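Peer 1: next one to model:
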Amino acid sequence: MALSFSVLASGSTGNALYVETEKQRLLVDAGLSGKKIQGLFEQINRDPKQLDGILVTHEHSDHIKGVGVLARKYGLPIYANEKTWGAMEKSIGAIPAEQKYALERGSVQTFADLDVEPFAVSHDAADPMFFVFHHNGKKLALATDMGYVSENTKGLIQNSDMFIFESNHDMNMLRMGRYPWNVKRRILGDTGHVSNEDAASALAEVVGEKTKRVYLAHLSQDNNMKDLARMTVTQILRERDCGVEYDFHLYDTDPGKATSLTTV
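Peer 2: Model prediction:
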């Protein structure tokens, strides 16, 4: 069986990614209520009771809201780095010691037939990290919640078969929008979120001959729109002579609707 995935939810109201192989079924983040996540699994004809574990990227509520509930209900192990554990324990509630595991960046961890490579990102959390998934020569990169895309990140995710990549805000919508200046400054800063324009510039450097799909993720509900994100990213990729709409295609993600279960 190949590596398959669904972006169950993506956006400022909650994030969750499902990844499966023949021998592993993992959930990355659970930033919605347990009930909502159950409904998202039903959309892709899967059941969270079949999960083998939950990976946590960082402690912000739109990534951990349902982590504790799911872990307790289904007896699932939770994997996070030490600082993230320290930052989220009060928020997710009591977790039995036998369900708590450390997953540190800097080394690849093997889950049966799936290799998971965590990497650091610049974001205003304790120790945020995201993941590259490797299986049978295929590569899926999850990279959101970044103030900027570092050279290290670009190197790790280079030429992935599939990308789930942050395209959080349109610069003009954010600047002209209703957010107070301190919030705008946080989003625009080096530990905030990547704009449509910056996402496109980074993608132009990392898409390769293997790349088939790019999912634009973590769109702001207040400062972005799907059509605008796609249009901006497409235009810049065309200007950089990338094969967008020919060699690879862009796809939307949604805060309340799972993407189709897709094979890498």
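Peer 1: in the sheet, who's paired with residue 195?
Peer 2: Beta-bridge partners recorded for residue 195 (DSSP bridges): residue 169.
Peer 1: burial check on it, number of neighbours?
Peer 2: Using other C-beta atoms under 10 Å, residue 195 has 26 neighbouring residues. Backbone N, C-alpha and C define where each C-beta goes, glycine included.
Peer 1: cool, and residue 29?
Peer 2: Neighbours of residue 29 under the rule other C-beta under 10 Å: 29.
Peer 1: just the strands in the stretch 51-200 of the chain please.
Peer 2: 53-55, 78-80, 100-102, 109-111, 114-120, 129-135, 138-143, 162-166 (DSSP state E, counting those that start in this stretch).
Peer 1: quick check, pLDDT for the closest residue to residue 111 other than its chain neighbours.
Peer 2: Of all residues not flanking residue 111 in the chain, residue 24 sits nearest, at 4.9 Å (C-beta to C-beta, 6 or more residues apart in numbering). Looking at residue 24, its pLDDT reads 98.
Peer 1: residue 1 now?
Peer 2: Reported pLDDT for residue 1: 71.
Peer 1: that one and residue 162, how far apart?
Peer 2: When distance is defined by C-beta to C-beta, to the nearest Å, residue 1 is 16 Å away from residue 162.
Peer 1: likewise for residue 21?
Peer 2: 14 Å.
Peer 1: neighbour-wise, which of those two wins?
Peer 2: A direct count of neighbours by other C-beta under 10 Å for residue 21 and residue 162 places residue 162 higher, at 24 against 21.
Peer 1: which residues are in contact with that one?
Peer 2: Residue 162 is in contact with 5, 139-141, 211-215, 262, 264, counting by C-beta atoms under 8 Å, 6 or more residues apart in numbering.
Peer 1: was I right to think residue 66 contacts residue 30?
Peer 2: Yes: with contact defined as C-beta atoms under 8 Å, residue 66 reaches residue 30; the gap is 3.8 Å.
Peer 1: list residues touching both of the two?
Peer 2: In contact with both residue 66 and residue 30: 16, 37, using C-beta under 8 Å, 6+ apart.
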